[in-house]
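A.B. asks: Turn this into a model:
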Amino acid sequence: MGHSREDHSHGHSHNHSNLRGRNLIISILLNILITVAQVIGGLASGSLSLLSDALHNFSDVLSLIVSYIATLLAKRQASTNKTFGYKRAEIIAAFVNAATLIVVAVILIKEASVRFLEPQKIESDVVIWLSLLGIVANGFSVLLLKKDSKSNMNMRSAYLHLLTDMLASVAVLIGGLLMKFYEVYWIDAALTFAIAIYLIFVGYDLLKEATRVLMLFTPNTIQVQQIVDEVDLIDGVKNIHHIHIWQLNEDEVHLEAHVDFNEDIRLSEFDNILQEIEEVVYHKFGINHVTIQPEHGKSDSKQIIVQD
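C.D. replies: Residues are numbered from 1 along each chain as shown. Got it, this is the predicted structure:
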């Protein structure tokens, strides 16, 4: 028998989702503008760091489109052949976006290594002006997505793409100034390499987080033994075992378990105990979907974790 809690009204969630979609559309358009400008400028100036920034911006465009599609899918209702709906669409988008960050970083490292051995003279004025464009446009996009990035993995993946690109543009600007006033052309490749390392750093953490959710791992914030200890204290409960805990998406954490009772209780008594269990796991562990299989004297495994 199961139960779920919803913390927000459907209307509020729908409006919030529409706002996310609008912010993503604005960010997509800004990044298309930056990408086209930087490709033209990078080819004209011969700057690898500017072209690498353009490549990163292009990956941003693709990632933002993936995030936007995921936001649309997440609004779809459940059906008989999709009983959870598309609630995991945004987690998949976060996984894809994190993976692309790492792929782009590897490409940049390869290109930077070649350019570092053979530095080339670069038209620094073009680099400076286009990096400023990148800072302003990406900075605005970062501000648009910052709030949602704190509570939604999909939006966090898009936010990280834009934040790293803004930082990359800052690095390119510094490189452009050094090339203009000091003719230090090897700095172009060095900055490209630094940008790539940072992309790997932020991409790996997000990839690991999204993978945990997709693999149905127990959230890091939850200790199963603590749940067992709390539920075992409830009057009438003999033990809780055969536990599964997973995160469906950013808003839902599910608990599924067997509960052995001291006595052969009535269904109405079970409902009262189930409510107590729901209160405990919700308020102490943030679990908002609970499914309990009641048992009395059943000869199954009483281990906390059972491999099905």
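A.B. asks: Going by C-alpha atoms from here, please, whenever you check contacts or count neighbours.
C.D. replies: Will do.
A.B. asks: So Y86: helix, strand or coil?
C.D. replies: Here Y86 is recorded as coil under DSSP: H, G, I helix; E, B strand; the rest coil.
A.B. asks: burial of Q247, as a residue count?
C.D. replies: 21 (other C-alpha atoms under 10 Å).
A.B. asks: hey, what's it bridged with?
C.D. replies: Under the criterion DSSP bridges, Q247 forms beta bridges with V253.
A.B. asks: can you tell me the helix or strand for T164?
C.D. replies: helix 153-182 (DSSP states H and E).
A.B. asks: tell me which residues in that helix are buried?
C.D. replies: The neighbour-count check on helix 153-182 (16 or more other C-alpha atoms under 10 Å) flags 153-180 as buried.
A.B. asks: so where is the stretch 201-308 of the chain shaky, pLDDT-wise?
C.D. replies: 308 (pLDDT under 70).
A.B. asks: At which residues are the helices of it located?
C.D. replies: Listed in chain order, the helices of the stretch 201-308 of the chain (DSSP state H, counting those that start in this stretch) span 224-232, 267-285.
A.B. asks: and of the ones you listed, who's closest to D300?
C.D. replies: In terms of C-alpha to C-alpha, the element of the helices of the stretch 201-308 of the chain nearest to D300 is helix 224-232, at 17.4 Å.
A.B. asks: Nearest residue to the middle of the chain?
C.D. replies: The C-alpha lying nearest the average C-alpha coordinate of the chain belongs to M153 (C-alpha atoms, centre = their mean; 2.9 Å).
A.B. asks: That residue contacts I91, doesn't it?
C.D. replies: Yes: between M153 and I91 a contact is recorded at 6.5 Å, counting by C-alpha atoms under 8 Å.
A.B. asks: list residues touching both of these two?
C.D. replies: Common neighbours of M153 and I91 (criterion: C-alpha atoms under 8 Å, 6 or more residues apart in numbering): A210.
A.B. asks: quick one: low-confidence ranges for the stretch 51-200 of the chain?
C.D. replies: For the stretch 51-200 of the chain, the stretches with pLDDT under 70 are 120-121.
A.B. asks: how big is the angle separating the lengthiest helix in the chain from helix 153-182?
C.D. replies: Ranked by residue count under DSSP state H, the longest helix found in the chain is helix 10-45. Between helix 10-45 and helix 153-182, the angle comes out at 30 degrees (axes from the mean of the first three to the mean of the last three C-alpha atoms, to 10 degrees).
A.B. asks: any idea which helix or strand comes after helix 10-45?
C.D. replies: Following helix 10-45 in sequence, per DSSP H and E, is helix 48-74.
A.B. asks: Tell me how far that next one lies from the chain's centre.
C.D. replies: 14 Å (C-alpha atoms, centre = their mean, to the nearest Å).
A.B. asks: Likewise for stretch 68-77?
C.D. replies: With C-alpha atoms, centre = their mean, you get 15 Å for stretch 68-77.
A.B. asks: What are the buried residues along it?
C.D. replies: Y68, I69, A70, T71, L72, L73, A74, K75.
A.B. asks: Now tabulate the helices of the stretch 201-308 of the chain in TSV and tack on distance to V127.
C.D. replies: Formatted as TSV, these follow (distance: least, C-alpha to C-alpha, whole Å):
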stretch	distance to V127
helix 224-232	54
helix 267-285	51
